[in-house]
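Asker: sharing a sequence plus its predicted fold:
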Amino acid sequence: MTTPIHKVKYEGDSNELVEFVTEATKDQKWIEYTAGTWFNTSNDTCCTYYYEKFTLDNKYKEIIENSIGYKIISDISVWYYPKGTVHFQKHIDDTPYTGVDLGDAYTNKYACIIPIYGECNLNVWEEYSKTTTPYSIGDIVLLANQKYYHSADCTDIGKISLHCYIDKHHD
């Protein structure tokens, strides 16, 4: 049976990772993502933005892989949730975060979320029960995002996170 969510600690200096990502994305032109629905503090819908194929220094990639015990099997994306973005509706994913349909390539894989800025509660539903897992800088979250419905509630300061995929069944 698949476990819907795991949270582990980032084994490196999370402030150093934050500085690296912040510097690398400071002049980034973000791509608007409209497939999901986020809500702001006024309960109006709002957009999130992402940067595909982010080049993460191998030093940090190795620390992430050592922290979670698995290899990253996808490109890494950076997601940006503007200030005031507080809730992402309940959903189940059917394609990678990049929006590219790769068929079965990501079936039964786990999304890996590495927070860079902000705090969130990730809600996961199994049948009629909900589990809430808080996460912030220094955490890494693994989510079976194509098997379980999930949503997120974040603080209103905004959020930036790295996203990628891992295969928990293979090293």
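Answerer: Nice, I can see it.
Asker: pretty sure Tyr70 contacts Lys168?
Answerer: Yes: using CB atoms under 8 Å, Tyr70 is in contact with Lys168, at 5.9 Å. Where you see a C-beta, it was placed from the backbone N, CA and C, and this is true even at glycine.
Asker: for the most centrally placed residue in the chain, which non-adjacent residue is closest in space?
Answerer: Nearest to the mean C-alpha position of the chain, counting by CA atoms, centre = their mean, stands Ile113 at 3.3 Å. Nearest residue to Ile113, sequence neighbours excluded (CB to CB, 6 or more residues apart in numbering): Val141, at 4.5 Å.
Asker: quick revisit: please name the residues that touch the residue nearest to the centre of the chain.
Answerer: Leu122, Tyr135, Ile140, Val141, Leu142, Leu143, Ser161, Leu162, His163 (CB atoms under 8 Å, 6 or more residues apart in numbering).
Asker: pretty sure Tyr60 is in a helix, no?
Answerer: Yes: under DSSP: H, G, I helix; E, B strand; the rest coil, Tyr60 sits within a helix.
Asker: run a quick neighbour tally on Thr131.
Answerer: Burial measure for Thr131: 13 neighbouring residues, criterion other CB atoms under 10 Å.
Asker: wait, it touches Leu143, no?
Answerer: No: the pair Thr131 and Leu143 does not pass the contact test of CB under 8 Å, sitting 11.1 Å apart.
Asker: intersection of neighbour lists for the two?
Answerer: With CB under 8 Å, 6+ apart, Thr131 and Leu143 have common neighbours Pro4, Ile5, Val124.
Asker: for the first one, give me the pLDDT.
Answerer: If you check Pro4, the pLDDT there is 85.
Asker: check the last one too.
Answerer: According to the model's per-residue confidence, Val124 sits at a pLDDT of 93.
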